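> For reference, the sequence and a predicted model appear below.
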Amino acid sequence: MQVRRSLDGRMEKRLPIILVVGLSRLQDSPPNEEERTYTDNVSGHGVRVFSRRPWRPGDQARVTPLNEESPMQGEVVYCQRLDNDHFCIGLRFPTRPVMWSTFRRYIGN
């Protein structure tokens with residue numbers, strides 16, 4: 001996978017991979033409050049995902065692909081409001097790289 005550095009601060013190439021995932025907050029959230037949504041793109045250490053709720057930078061989230069692979073815990077980097085009162089959030093996974101099988105197949109690993 002090609003690594004790039006640009007003015008937006010991204011170090012890794014984002015790949016247009018759409019996965020159905022469960023998205024939930026790690027703090028201040030009732031148990032079992034998981035939103036079913038999907039990704040817009042994925043990189044080795046992050047993901048852009050759609051949400052029906054606003055998020056704040058610094059919020060902690062869990063993203064779990066519905067094919068029962070291991071969940072990833074990450075930090076919200078940004079939250080962008082879309083036209084239809086939905087949001088796109090950028091998550092960074094600082095502790096370990098994304099190892100979901102769909103992502104590995106896409107990058108050839």
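That came in fine, so what should we check first?
> Figure out the helix or strand that the residue nearest the centre of the chain lives in.
What sits nearest the mean C-alpha location of the chain, by C-alpha atoms, centre = their mean, is residue 47, with 3.1 Å. Element membership of residue 47, judged by DSSP states H and E, is strand 46-51.
> Direction included, what does that strand pair up with?
Using DSSP bridges, the strands paired with strand 46-51 in its sheet are strand 35-43 (antiparallel), strand 87-92 (antiparallel).
> Take these and write them to TSV, including mean neighbour count and distance to residue 20.
Where C-beta positions appear, they are placed from N, C-alpha and C, glycine not excepted. Formatted as TSV, these follow (neighbours: other C-beta atoms under 10 Å; distance: least, C-beta to C-beta, whole Å):
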stretch	mean neighbour count	distance to residue 20
strand 35-43	18	5
strand 87-92	20	16
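> okay, the ones you listed in a markdown table with distance to residue 18 and mean pLDDT next?
Shown next, in a markdown table, are the strands paired with strand 46-51 (distance: least, C-beta to C-beta, whole Å; pLDDT from 0 to 100):
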| stretch | distance to residue 18 | mean pLDDT |
| --- | --- | --- |
| strand 35-43 | 6 | 95 |
| strand 87-92 | 13 | 97 |
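> Mind putting those into a markdown table with distance to residue 26?
Converted to a markdown table, the strands paired with strand 46-51 look like this (distance: least, C-beta to C-beta, whole Å):
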| stretch | distance to residue 26 |
| --- | --- |
| strand 35-43 | 13 |
| strand 87-92 | 11 |
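> Just to be sure, residue 105 is in a helix?
Yes - under DSSP: H, G, I helix; E, B strand; the rest coil, residue 105 sits within a helix.
> Can you give me the buried ones in stretch 102-109?
For stretch 102-109, burial by neighbour count (16 or more other C-beta atoms under 10 Å) applies to 102, 103.
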